[in-house]
Structure formats: structure tokens, C-alpha cells
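Colleague: Could you look at this predicted model? Sequence included:
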Amino acid sequence: DTEVTQTPKHLVMGMTNKKSLKCEQHMGHRAMYWYKQKAKKPPELMFVYSYEKLSINESVPSRFSPECPNSSLLNLHLHALQPEDSALYLCASSQRDRTTSGSYNEQFFGPGTRLTVL
Amino acid sequence: AQTVTQSQPEMSVQEAETVTLSCTYDTSESDYYLFWYKQPPSRQMILVIRQEAYKQQNATENRFSVNFQKAAKSFSLKISDSQLGDAAMYFCAYRNYGGSQGNLIFGKGTKLSVKP
């Protein structure tokens, strides 16, 4: 299995709703990432989990709450979002590079969740 | 801080022809990785090709090859025999060698159109 899956593919939510995005990989990768991507822009890093521990939070508002329940799963909990949070949310994972100490190899991306906040 | 620049917002190529996408980067590091990712309208980011900075030989993957000029900090992607399925947004990305989380720094992207 060499893929990253994300559910749902599309999500429409109101500003008062609570929803979650899910990401799963079975490649044994120990780093997982959440990105936000606006139309015609590159992905922007939000969070990085390394060995199920949050290692990077790129000053993301608290209405986004990541969770890594185990080495294969990554969730992004959403609450009280704003219309400007509408975007494509991408998940990625990577494996530790055996040739470099502490480094992770290239990232494999999921297909993304298209989020619309009304 | 490292930066990645893609100076061509849009490019167009005729089917079966060759096209080159440009990428330059800025870093003070001597060891790093460079990548080209493809993102078609289906949205999935797909790794096209990868280059290790310590390797002098340019990476190739079938119809895709790079021209890596380390001194000039240039990393262009050449697509030969272009196909309709090559139409996509292409992102150049940089990663430090030995960086603990493998964070990627992306360029702004080049939208490639392929004309039949």
C-alpha cells in the first residue's frame, strides 16, 4: 500500500459546526503533515507530527486542532471556522531517510479534502 | 531562510514537444534536496523527480529530467514528448539535508497547458 487516503473528499460546513478531517497511511511512515492550499497557490504547512508527537505548529489558529491517535492516522478537528478558511486541505507522510541522521525523505500526499465554510 | 522562485506562472507546449520549467532557489546550505511535484486538476500532489544536491549527475525519470546547476542555484525540469496528461500545476520544492522533519519549501508554481 503506497498511498495516503483522506476523507471526506468534500466538506461544507457552517461557522458554528464542528467537523473532522481524516488522513490515513499504511506505509509505516513516522512523519505526517497537514497543509492548507488556496487556489493557484502552493501548499502552506500547518502542522507536523513526528512519531505521533506534534513537532511543528506554524502559528495556526486554535480553531484548527490536530490529533495523531496512532502512527497511521492523522486527524484535523475543525471548530468555529471562518469563510477564509475555505481551501484544499492536504495530508502528507514521509519516512525517515536511512542515509541521513534524523532526516525524513520525500513526502507522499493524499488527494485532499475540499473544505467550504459558509 | 531558504526561498524557491518559479518565474513562469504559466507555460504552454504542443503535444509531443519538449518544454522546460524554470526554478531557482536561495540557500546557504551545501547539502539539500530538490523536488518537482505535479498537481493535476484532480488535486493530488505527485512527486515527479528528486535531486540530491551532493550528486552531480542530473536526475531522470522516463520523460522527465532536470538540469541542476548548483553554483547558479538553478533546478529546471524538462518534459520530453509532452502528453495531454502532463497538463498540471508544477511546483518546485526544496528541503534541507538532515532537517528533522523534512519540511518542504515550495515555489509558487507553474501552470502547464498541453495543446493537442
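Modeller: Noted; the coordinates are in hand. None of these values were measured; they are calculated from a predicted model.

Colleague: Run through the residues that contact the closest residue in space to B:Cys23 that isn't next to it in sequence.
Modeller: Closest residue to B:Cys23 apart from its sequence neighbours, by CB to CB, 6 or more residues apart in numbering or on different chains: B:Cys92 at 3.5 Å. Placement of C-beta: from N, CA and C, glycine included. Counting by CB atoms under 8 Å, 6 or more residues apart in numbering or on different chains, B:Cys92 makes contact with B:Val4, B:Gln6, B:Leu21, B:Cys23, B:Tyr25, B:Leu34, B:Phe35, B:Trp36, B:Phe75, B:Leu77, B:Phe106, B:Gly107.

Colleague: of all those residues, which comes closest to chain A?
Modeller: Distances from chain A to the contacts of B:Cys92, taken as CB to the nearest CB, are shortest for B:Phe106 (3.6 Å).

Colleague: Could I get the contacting residues of that closest one?
Modeller: B:Phe106 touches A:Pro42, A:Pro43, B:Val4, B:Tyr37, B:Phe91, B:Cys92, B:Ala93, counting by CB under 8 Å, 6+ apart.

Colleague: For the least confident helix or strand in chain A by mean pLDDT, buried residues please.
Modeller: When each helix and strand of chain A is scored by mean pLDDT, DSSP states H and E, strand A:53-57 comes last, with a mean of 84. Buried residues in strand A:53-57, defined by neighbour count with 16 or more other CB atoms under 10 Å in any protein chain shown: A:Ile56.

Colleague: Just confirm yes or no for that strand near chain B.
Modeller: Yes. Interface with chain B: strand A:53-57 contributes A:Ser55, A:Ile56 (CB under 8 Å from any CB of the partner chain).

Colleague: Next secondary structure after that strand?
Modeller: Counting by DSSP states H and E, the element after strand A:53-57 in chain order, helix or strand, is strand A:64-70.

Colleague: What lies in contact with that next one?
Modeller: Residues outside strand A:64-70 that contact it (CB under 8 Å, 6+ apart) are A:32, A:34, A:46-47, A:49, A:52-54, A:57, A:74-79, A:85.

Colleague: Stretch B:7-24 now?
Modeller: Contacts for stretch B:7-24 (CB under 8 Å, 6+ apart): B:4-6, B:34, B:36, B:67, B:72-84, B:86, B:90, B:92, B:107-116.

Colleague: where does chain B dip in pLDDT?
Modeller: B:98-102 (pLDDT under 70).

Colleague: can you map out the strands along it?
Modeller: Applying DSSP state E to chain B gives strands spanning B:3-5, B:10-14, B:19-21, B:24-26, B:32-39, B:46-52, B:60-61, B:64-69, B:74-79, B:88-96, B:105-106, B:110-115.

Colleague: and what of chain A?
Modeller: For chain A, strands defined by DSSP E occupy the ranges A:4-7, A:10-13, A:18-25, A:31-37, A:44-50, A:53-57, A:64-70, A:73-79, A:87-94, A:108-109, A:113-117.

Colleague: burial count for B:Pro116?
Modeller: Using other CB atoms under 10 Å in any protein chain shown, B:Pro116 has 6 other residues around it.

Colleague: Pretty sure it sits against B:Leu84.
Modeller: Yes. Shown here, B:Pro116 and B:Leu84 form a contact pair, counting by CB atoms under 8 Å, at 6.4 Å.
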